[in-house]
Structure formats: structure tokens, C-alpha cells
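Asks: Sequence below, structure please.
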Amino acid sequence: MRYTYDKVVREKQIHRKPKTTPGRAFKRRPIPATVKAVYPDRQTLSHNLKSPIWVEFDAPMDSSTITKDTVIVKNSVSDKPVDGFLDAGDRILMFRPYANYPMENGGARVSITLIGTDSGSGAITDTKGVPLDGDNDGKAGGDFEYKFNIVR
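Replies: Alright, predicted model coming up:
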């Protein structure tokens with residue numbers, strides 16, 4: 001049996017070691033943070049006209065980069081950004097408008113954009129300084145956009 005095993009393994013080289021290039025190590029890129037979850041979800045129609053928006057990240061974020069310049073909340077009724085209270089923790093971001101969202105015909109579409117590409121006003125980064133992967137392509141950078149509906 002030992003003879004058969006040695007013959008098969010050595011002659012057919014079933015268990016070959018993978019070839020590596022000597023002296024060249026692979027460089028690992030830091031894995032950028034992404035958005036893990038958002039509330040309210042798209043299936044839920046919020047009836048609260050001051051509905052807060054919660055964003056959860058999959059890695060600890062640098063809260064000093066989460067500002068009103070890098071988190072933009074807009075409404076389908078107005079082109080101006082919605083003014084509100086922004087609170088950022090380690091992995092959670094919360095936005096609550098100061099007043100009711102503007103509505104028309106009993107409803108509105110609200111969008112939140114998280115800036116992951118440095119556009120002059122900065123970008124949201126994790127604690128290692130790597131920008132947010134907003135477009136979820138595995139590379140740092142890209143803006144994250146999320147929309148949901150509010151009804152009366």
C-alpha cells in the first residue's frame with residue numbers, strides 16, 4: 001500500500017505545493033468599511049414625520065469625519081438639504097430632522113447620501129483613515145445613497 005501511495009503521489013504529483021515567487025510578498029490592502037444596515041428599511045413606510053435615520057457600519061468609524069458636509073439628507077419636495085441633529089458613535093450614525101419632513105400629496109421620498117469620495121469637503125473614513133466603500137465594490141471610496149418613503 002505504501003508503494004502505491006508513493007507512486008501515485010510522486011509520479012502524478014497530486015499534492016504539489018503551489019508555486020510562489022521568491023522574495024515577493026503580497027501586499028494586503030486595508031479592507032474599507034461598508035454600510036451594514038439602514039433603518040427605516042425600504043419595505044417599511046414610516047408614518048413618523050420626524051422619522052430618524054439610523055445607519056450601521058461594519059467597522060469602527062472616525063466620528064470626526066461624520067459631519068453635515070459628509071452626510072446629506074434630502075427630500076423629494078425640496079432641493080435644499082434637510083436640517084437636523086446628527087449623532088455619530090463608533091459604528092452607528094443617527095440623523096433626526098429638527099422639523100417634520102416637507103410633504104406633498106400625503107407623502108415624500110427621503111434620501112440620505114454618505115460621502116465616501118473626497119470631494120473637497122472630505123470623506124467619511126474608518127478609524128484607520130480608509131474612506132468608506134459607499135458603492136460596495138470592495139475598494140475604498142464611492143458615495144452611499146439610500147432612499148425610503150414617508151406617508152401620512
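
Asks: switch to C-alpha atoms for all contacts and neighbour counts from now on
Replies: Noted.

Asks: Just to check, Val38 is in contact with Pro52?
Replies: No - with contact defined as Cα atoms under 8 Å, Val38 does not reach Pro52; the gap is 10.6 Å.

Asks: Can you name the residues that contact the residue lying closest to Glu56 once chain neighbours are set aside?
Replies: Take Glu56 and drop its neighbours on the chain: the residue closest to it by Cα to Cα, 6 or more residues apart in numbering is Ile92, 4.7 Å away. Listed by Cα atoms under 8 Å, 6 or more residues apart in numbering, the contact partners of Ile92 are 54-57.

Asks: quick check, Ser64 in a helix?
Replies: Yes - the assignment for Ser64 (DSSP: H, G, I helix; E, B strand; the rest coil) places it in a helix.

Asks: rewinding a little: any idea how far Ser64 is from the residue nearest to Glu56?
Replies: As judged by Cα to Cα, to the nearest Å, Ile92 and Ser64 stand 13 Å apart.

Asks: repeat for Met103
Replies: The gap separating Met103 from Ser64 is 32 Å, by Cα to Cα.

Asks: Val82 now?
Replies: Per Cα to Cα, Val82 is found 20 Å from Ser64.

Asks: What score does Trp54 have for pLDDT?
Replies: Per-residue pLDDT puts Trp54 at 94.

Asks: Can you name the next helix or strand after the worst-scoring helix or strand of the chain on mean pLDDT?
Replies: One helix or strand of the chain scores below all others by mean pLDDT, DSSP states H and E: helix 2-12, with a mean of 64. Using DSSP states H and E, the helix or strand that follows helix 2-12 towards the C-terminus is strand 35-39.

Asks: Report all helices and strands that the helix or strand following that following strand contacts.
Replies: The element immediately downstream of strand 35-39 (helix or strand, assigned by DSSP H and E) is strand 53-57. Packing partners of strand 53-57 (3 or more Cα pairs under 8 Å, 6 or more residues apart in numbering; DSSP states H and E): strand 35-39, strand 92-97.
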